[in-house]
Structures are given as C-alpha cells and as structure tokens.
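Participant: Could you work out the structure for the sequence below:
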Amino acid sequence: MNFQKRQILWLIACLLLSTSRFAYSAPQFGFKEISKVQRFTLTGEYALKQVCPPEGGNCTFEPDPTRPELKFEEGNLYLKNGFVLTRPVFDEFTFRIAQDPDYPDEKIDIDLASLQAINGRFIYTLDSWLQLEEYLGNFSRSKQTYTIEDIQYVIVSIKGEKVQPTVSISADQTNASEAELTNGRFLIKLDTSINKNITVYFSISGLAKNGLDYKKIKKKVVIPAGQTSAYVTIETINDTKIEITEKVKLTLSKAPAYKLGNSKSASIEITDDD
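Facilitator: You can find the predicted model right below:
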C-alpha cells in the first residue's frame, strides 16, 4: 500500500472515530428539545420609592411592593438532561406590575398572582408548545396560561426534576442592646425559590444564652413556598446583671432539602445597659 492510500485510509479512520464520538456524546442532551424556555424568579427584594411626609420634612426611601426585583434566565429543555442555561442570567431588574398607577406607560401585562405562580419555574409560549406537543412526552405543562406582554405562556415541568436551592445566612441588624431593647436580626436566604416550604436548620452558640439574654428561639426557620428568605429575630431581654458584650452566633446545618452556600454562619452582638 503506497503512502497516498495509507494517508486516505488514515483520514477516513479519523473521520469515523470523530463521528462515533459525536454519536456517543449526543444522547446525553437528548434528541428533542424546547428552545428559549424562560424562567422568572422573584428575589424577595423590591425597588425603592421615595416617600415624603405631607407636612414636609425629610423624605425617605421605602420598598415598593408593586415593583418586585426579578431574575430572568433563558435556556433549553432537553428530554434527558432537563434545563440547560443558554444565555447568561440577566441582572436583577424591576418588574412593573400591570395597573401600577405610578408607571402607567411602563407596565408588564401580568398580575401579581400570575407572577407568583410562575416564580422560579420554566415557562414557554403556548403556540410553540402546541406545535411540539407530540414530541414532548417527557414534559408536562400547566392547563392555566399566563399572559406577559400579550403573549400566552404555560408553565413547563420536568418529570422527576428535583430543585435543591443553596442557602446562606447573614446578619442584617448586627447590634442589639438591652438599653432600649434593640433587637438583632439574621437573614436566611435561598438562591432560588421552589414551590414548597423549606425548613432550614441551624445551631446556636456564643456567650449570650438562648432564653436568658434574648427570647428563646427555635433551631430552625421555615421559608414559605415561592419565597426566597426568612428572618430570625433576636429579641433582647433587659436583666439587672452587669455583663460584658455577648455574641449570638447561628451556623447553618446540613439537610437534604438544600445545599450550604459560602456564607454558613453569622453573628450578632448584644450590649449591656447595666
């Protein structure tokens, strides 16, 4: 066999090898897909609005419940692998609910109940779903439709999908005091909401004693379905003892329903007034 024939056979062998590799790897994504599936997730935060007292004085900024902050993601649904993100997560943006009197020209045609329903779930245009329905036996969709900017969407569910959110903790009110019974507060937050309650467990440590230096708290907190956060309030007890500044520390515990994030513990200091 001359060199030219050997070279041609070698190229054919390489081509067959690369084709077989592609054929082997392709099924991991499945042969049918729904492209441009969207997901809107409420972050639990709200845009701020300026509130000024009618009698005059300093104006303040308060959360506006008609303008929740949302996270938007877009990706594909594959028969075997589920959701695969294809576009970067948009920055959190303000979702102006329909009939918002302060922004009549900047509204999205969706009501708050519908927004809660699709929170953190995949949605797809109804027309496109009906065209592909016969191929998409691995997915089910909601009977209810939801209108966003005059387009009808349905909720798309992945069979067997198990969402495991990541939980983190911080102290958003870090200093408590017996003097004016100033409370401290921990914020426990999920990175995404799901459609069932999540119970987050934690341990309690520090010099401040649970039930003596502050009102007794349980070693768990429930984040309601569709929400992404819950608070643990440290309510101080004013006693007559002379004490040093004492610390309350909460440390998140592992549980099957969630994963632990980078921020696993947080502390609050309680100062004495005696």
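Participant: All the helices of the stretch 1-150 of the chain, in order from the start?
Facilitator: In the stretch 1-150 of the chain, the helices defined using DSSP state H, counting those that start in this stretch lie at 3-25, 112-118, 126-132.
Participant: List the buried residues in the last one.
Facilitator: So the one you mean is helix 126-132. 126, 129 (16 or more other C-beta atoms under 10 Å). No exception for glycine: its C-beta is placed from N, CA and C like everyone else's.
Participant: Quick one: residues in contact with that helix.
Facilitator: Identification of contacts with helix 126-132 by C-beta atoms under 8 Å, 6 or more residues apart in numbering yields 32, 34, 136, 141, 145, 152, 153, 154, 156.
Participant: Going through those, which ones are buried?
Facilitator: Looks like the contacts of helix 126-132 have 34, 136, 141, 145, 153, 154, 156 buried, using 16+ other C-beta under 10 Å.
Participant: Redo these as CSV? Include distance to residue 260 and pLDDT.
Facilitator: Supplementary listing: the buried ones among the contacts of helix 126-132 in CSV, determined by distance: C-beta to C-beta, whole Å; pLDDT from 0 to 100:
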residue, distance to residue 260, pLDDT
34, 32, 77
136, 35, 72
141, 33, 82
145, 38, 88
153, 33, 90
154, 34, 90
156, 29, 86
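Participant: Sitting in strands, which of these do you find?
Facilitator: The strands, defined by DSSP state E, take in 34, 141, 145, 153, 154, 156 from the buried ones among the contacts of helix 126-132.
Participant: circling back to that earlier point, okay if I get the buried ones among the contacts of helix 126-132 as TSV plus distance to residue 227?
Facilitator: Converted to TSV, the buried ones among the contacts of helix 126-132 look like this (distance: C-beta to C-beta, whole Å):
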residue	distance to residue 227
34	27
136	30
141	24
145	24
153	22
154	23
156	22
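Participant: Which of the helices of the stretch 1-150 of the chain comes out lowest on mean pLDDT?
Facilitator: Lowest mean pLDDT within the helices of the stretch 1-150 of the chain: helix 3-25, a mean of 38.
Participant: Specify which member of the buried ones among the contacts of helix 126-132 is nearest to residue 122.
Facilitator: The shortest approach to residue 122 among the buried ones among the contacts of helix 126-132 belongs to residue 156, at 4.4 Å (C-beta to C-beta).
Participant: partners of that closest one in the sheet?
Facilitator: Beta bridges link residue 156 to residue 122, residue 141 when assigned by DSSP bridges.
Participant: now it: how far from residue 72?
Facilitator: From residue 156 across to residue 72, the span is 16 Å (C-beta to C-beta, to the nearest Å).
Participant: same check, this time on residue 86
Facilitator: In terms of C-beta to C-beta, residue 86 sits 13 Å off from residue 72.
Participant: Give me the more crowded residue out of those two.
Facilitator: residue 72 (15 against 12; other C-beta atoms under 10 Å).
Participant: residue contacts, the closest residue to residue 186 other than its chain neighbours?
Facilitator: Leaving out its chain neighbours, the residue that sits closest to residue 186 by C-beta to C-beta, 6 or more residues apart in numbering is residue 232, at 4.3 Å. If you count contacts by C-beta under 8 Å, 6+ apart, residue 232 has them with 185, 186, 188, 202, 217, 221, 250.
Participant: Then residue 61?
Facilitator: Going by C-beta under 8 Å, 6+ apart, residue 61 touches 48, 49, 50, 51.
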